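Novice: got a sequence here, can you model it:
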Amino acid sequence: MKAKYGKVDKPEFFIPDISKTLKGSTNESLIFFGKCHFEQRYSVVLGVGRVKMIKTSEKFDLVKINFGRHYSRLIIVKDNHARRQIYTLKKGQLAWFYGYYASFKNEQGKLESILYAVGFQGWYVPKVMDIRNIDTEIPQELEEQEQDEMQSLINDLFLRKEQ
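Specialist: Numbers count the residues shown, from 1 in each chain. Predicted coordinates:
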C-alpha cells in the first residue's frame, strides 16, 4: 500500500504487532517469550540482572537476581546444566538468565510467579592482575605486520595502474 505525499507516491511501512510474541516486565530487564513447546503453562524468559544470593544444596539450588526493581527474584535451579553454570556467577556481578516462567494464585488469591533456570552466564570483568598480565609487545608487532601488508598492497595497486 502506498501513501500519497504531494505528487510523489512513497511506500508506507507497517510495523508488525509483537505484543502476542514478546512481553516485557515493567521496570525490569526481563523479556517473556511465548509458551513453551513442552508445557503450555510455562513461558520462556530471558533477562539480565545483578546476582544477589547463591545457595546450593544436594537436589536443587537457589539464586536471587535483581532485574531492576527494589526486590530480587528467586530462581529455582534443578537442571544439571544450569547447576554447573552457577559457578560462573559471583555475588554482585551482572549475569544473563534464561529459563521458564510460571504464574499461579496462592491460597490467599494473590498472583505469584516462579522462575526455573535453564542457563546462566556471568558477565566476566577482568581483575587488575588480568590486565597487568597482558603482553604489550604483541599488539605492536601486529600493527607493524598490518602496516607492512597494507603498504605492499598499496604498492601492488600503484604498480598495476602504471602498467
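
Novice: just for the chain, where's the confidence low?
Specialist: By pLDDT under 70, the weakly predicted segments of the chain are 1-11, 17-22, 36-38, 130-131, 133-142, 160-163.

Novice: quick one: the strands in it?
Specialist: Assigned by DSSP state E, the strands in the chain fall at 2-5, 8-11, 23-24, 30-35, 43-55, 61-66, 73-77, 94-105, 111-122.

Novice: distance to S152 and mean neighbour count added to those, as a markdown table?
Specialist: Glycine gets a C-beta too; all of them are placed from N, C-alpha and C. Shown next, in a markdown table, are these (distance: least, CB to CB, whole Å; neighbours: other CB atoms under 10 Å):
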| stretch | distance to S152 | mean neighbour count |
| --- | --- | --- |
| strand 2-5 | 52 | 9 |
| strand 8-11 | 47 | 8 |
| strand 23-24 | 52 | 13 |
| strand 30-35 | 49 | 14 |
| strand 43-55 | 45 | 18 |
| strand 61-66 | 52 | 19 |
| strand 73-77 | 55 | 20 |
| strand 94-105 | 44 | 17 |
| strand 111-122 | 42 | 16 |
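
Novice: which residue is the nearest non-sequential neighbour of the residue nearest in space to the middle of the chain?
Specialist: Centre of the chain computed as the mean C-alpha position; nearest residue by CA atoms, centre = their mean is W96, 5.2 Å away. Take W96 and drop its neighbours on the chain: the residue closest to it by CB to CB, 6 or more residues apart in numbering is Q121, 4.3 Å away.
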